[in-house]
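Novice: Sharing a sequence plus its predicted fold:
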Amino acid sequence: MIEITGLTKIYGLGAKSVHALNGIDLQINSGMFGLLGPNGAGKTTLMRILAGIVNPSSGIVRIDGHDIETEVGKRAVKSMLGYLPQELGMYPELTAAQFVDYMAILKGLDDPRQRARRVGQVLEMVGLQDSTGRKIKGFSGGMKRRVGIAQALVNNPKLLIVDEPTAGLDPEERIRFRNLLVNLAADRVVLLSTHIVEDIGQTCRDIAVLSKGRMIFRGSPTELTQAADGHVWSLIRSGLEKPDHNLTVVSMLHLAEGTQYRLVGPNAEGYPEAQPVQPGLEDAYVWLMKSAGQVMDVL
Amino acid sequence: MKRFSLRYTLLTYRLDQLWFPLAFWMLFVIIGVIRGPEYILDTTRAYLGTVIPLIGGIMGAYAVLDDPALELRFATPISAAQTLFERLGLLFLIQVISAVSFQAFALLMKTDFSIFGSWIGVQLIWLVPTLSLMAVGSLGALSAAQTMAGALLTGLIWIVELIARGWFAGQKVGQYFLVFMGALMPSHPALHANQLTLALLTIAFFIISWILFCRQERYI
């Protein structure tokens, strides 16, 4: 479905230029695909390129056989695209139904009856069937996100791109949102970009991790976790001094006998009392970033 | 596929921006009434030939980029030309309503428009400068990727040309670029050449605006 070869994006010119993406090669087929990485890794740039909003500096991007570099290809891709940007702007004076209806018109759904039916369907899919007539300005952040996903789905897209969709949502809404995305991925490509490791682990079988514009991992969450085997420890210390020796503290918990640290690093030779533990996805992500040279200032 | 809805174009327009032209319209109606029929021609040409173009230019700067859902719009297959046309078209319609309704008021006050020549001549005194400054406003905003830049550029051109209109009118080259010539100097010998130059510049500015707006990544 999506073939990316040697994709590079450079913003600015000369000494002030920034390499947002650097030689990305990626193939994405059907189902849910997760794109993980810290802020500034290039995820949003990649999403925007795939949505036909940002032009690549070099490289080839083909979506369902259409070359995104050409105007014709870009329009063809946009016709089968559902897009939820990271910073979701909407018209506050419109109701949820009006907003989704307007987006449906812009996407080419001309028949008013068919459109009204589809608008009702997608608003029901996101659980907003009782708020269709309410103005968006009165919605919570989570409800706005749901309107955002409804507008993305209104043209029944083959490709759904969602950029940081769970940012700012409460835990219940995050779970609901993740489940909705998994359901949608049954018959289309869903590209989920996030810096929240948990979101990816719960939803995607196939992931890529970006760091500083480069792809540093491609595989399944299980493979990512396996890569961190032997690099995660648990350590209980009574003093206030945090463990060092090139170890990253992933979490800490104050217990009666001292502070329990969860540590990630190449080895724990400086702490013979440290116990190796089974890595989780978050540990694996930290280990990957650490081994890729990304500064991890977790605690 | 039409991918257009007049209803939503109107509903998504920032209604608070309508106070700006409405307030000036009412102000000049009040001025016209207070100053009476003796000065109504001056009031009318000041409003039609200078105030409407300024409002058009400033609103032109905000028309396209001041859209909260711009990124979502960019992800749909509608063209940059359509977005420009929709947004600037609506804005132009507001200026048309302002100009036509003020002319109706001026006629009620028994204004004699004969110094501008024919009916078309009367319309050109506001149409040409309004479209010119709208083009300046949108070009300024799109080239700087900032609405304020377009509004400032419009205001700068407006104030400089208004203050130095005599100098512009007397210059060999400057006379073709004086946007207020139709309203303030209707008997100037270079009027038609001036209006033609401004019309061509307006077309060029709108084309450049369209080319700039095709590069969507500059505006998100």
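Specialist: Yes, it's here. Residues are numbered from 1 along each chain as shown, chains lettered A, B, ... in the order given.
Novice: my guess is B:Phe180 meets B:Pro129, correct?
Specialist: Yes. B:Phe180 lies in contact with B:Pro129 (C-beta atoms under 8 Å); the separation is 6.2 Å. From N, CA and C alone the C-beta is placed, and that goes for glycine too.
Novice: Need the overlap of contacts for those two.
Specialist: B:Gly49, B:Thr50, B:Pro53 (C-beta atoms under 8 Å, 6 or more residues apart in numbering or on different chains).
Novice: show me the contacts for the nearest residue in space to the second one that is not next to it in sequence.
Specialist: It refers to B:Thr50. Closest residue in space to B:Thr50, ignoring its immediate chain neighbours: B:Phe180 at 5.7 Å, by C-beta to C-beta, 6 or more residues apart in numbering or on different chains. For B:Phe180, the contact set (C-beta under 8 Å, 6+ apart) comprises B:Gly49, B:Thr50, B:Pro53, B:Pro129, B:Glu161, B:Leu162, B:Arg165.
Novice: what about 10 Å?
Specialist: B:45-46, B:49-50, B:53, B:125, B:128-129, B:158, B:161-162, B:165, B:168-169, B:194 (C-beta atoms under 10 Å, 6 or more residues apart in numbering or on different chains).
Novice: By neighbour count, which of those wins?
Specialist: Highest neighbour count within the contacts of B:Phe180: B:Pro53, with 31 neighbours (other C-beta atoms under 10 Å in any protein chain shown).
Novice: Does that residue touch B:Leu178 like I think?
Specialist: No. With contact defined as C-beta atoms under 10 Å, B:Pro53 and B:Leu178 do not form a contacting pair (11.8 Å).
Novice: So for these two, which residues contact both of them?
Specialist: Common contacts of B:Pro53 and B:Leu178, defined by C-beta under 10 Å, 6+ apart, comprise B:Pro129, B:Glu161.
Novice: Do me a favour and get the end-to-end distance for stretch A:87-107?
Specialist: 20 Å (C-alpha to C-alpha, to the nearest Å).
Novice: That one near chain B at all?
Specialist: Yes. Looking at stretch A:87-107 against chain B by C-beta under 10 Å from any C-beta of the partner chain, the contacts come from A:87-95, A:98-99, A:101-107.
Novice: Which ones among these map onto helices?
Specialist: Per DSSP state H, helices hold the following members of the residues of stretch A:87-107 next to chain B: A:Gln98, A:Phe99, A:Asp101, A:Tyr102, A:Met103, A:Ala104, A:Ile105, A:Leu106.
Novice: Could you dump those residues into JSON lines and include neighbour count and distance to B:Tyr13?
Specialist: Shown next, in JSON lines, are those (neighbours: other C-beta atoms under 10 Å in any protein chain shown; distance: C-beta to C-beta, whole Å):
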{"residue": "A:Gln98", "neighbour count": "20", "distance to B:Tyr13": "14"}
{"residue": "A:Phe99", "neighbour count": "28", "distance to B:Tyr13": "14"}
{"residue": "A:Asp101", "neighbour count": "26", "distance to B:Tyr13": "17"}
{"residue": "A:Tyr102", "neighbour count": "25", "distance to B:Tyr13": "12"}
{"residue": "A:Met103", "neighbour count": "27", "distance to B:Tyr13": "17"}
{"residue": "A:Ala104", "neighbour count": "25", "distance to B:Tyr13": "19"}
{"residue": "A:Ile105", "neighbour count": "21", "distance to B:Tyr13": "16"}
{"residue": "A:Leu106", "neighbour count": "26", "distance to B:Tyr13": "15"}
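Novice: and the top helix by length along chain B with helix A:96-106, angle?
Specialist: Counting by DSSP H, the longest helix found in chain B is helix B:80-108. In terms of direction (axes from the mean of the first three to the mean of the last three C-alpha atoms, to 10 degrees), helix B:80-108 departs from helix A:96-106 by 110 degrees.
Novice: Just the mean pLDDT for helix B:80-108, thanks.
Specialist: When pLDDT is averaged over helix B:80-108, the result is 95.
Novice: Is that helix in proximity to chain A?
Specialist: Yes. Using C-beta under 10 Å from any C-beta, helix B:80-108 reaches chain A at B:Gln82, B:Thr83.
Novice: Low-confidence regions, the stretch 151-299 of chain A specifically.
Specialist: Along the stretch 151-299 of chain A, segments meeting pLDDT under 70 span A:240, A:294-299.
Novice: Quick one: name the residues of it near chain B.
Specialist: With C-beta under 10 Å from any C-beta as the criterion, the stretch 151-299 of chain A comes near chain B at residues A:Gln151, A:Ala152, A:Asn155, A:Ile161, A:Asp163.
Novice: quick one: which of these has the most company?
Specialist: Counting by other C-beta under 10 Å, top hit in these: A:Gln151 with 31 neighbours.
Novice: quick check, nearest of the ones in helices among the residues of stretch A:87-107 next to chain B to A:Ser291?
Specialist: Lowest distance from A:Ser291 to these (C-beta to C-beta) belongs to A:Met103, with 42.4 Å.
Novice: quick one: contacts for the closest one?
Specialist: Applying C-beta under 10 Å, 6+ apart to A:Met103 gives the contacts A:82, A:90, A:109, A:119, A:122, A:147-148, A:150-152, A:154-155, B:8, B:69, B:72-73, B:75-76.
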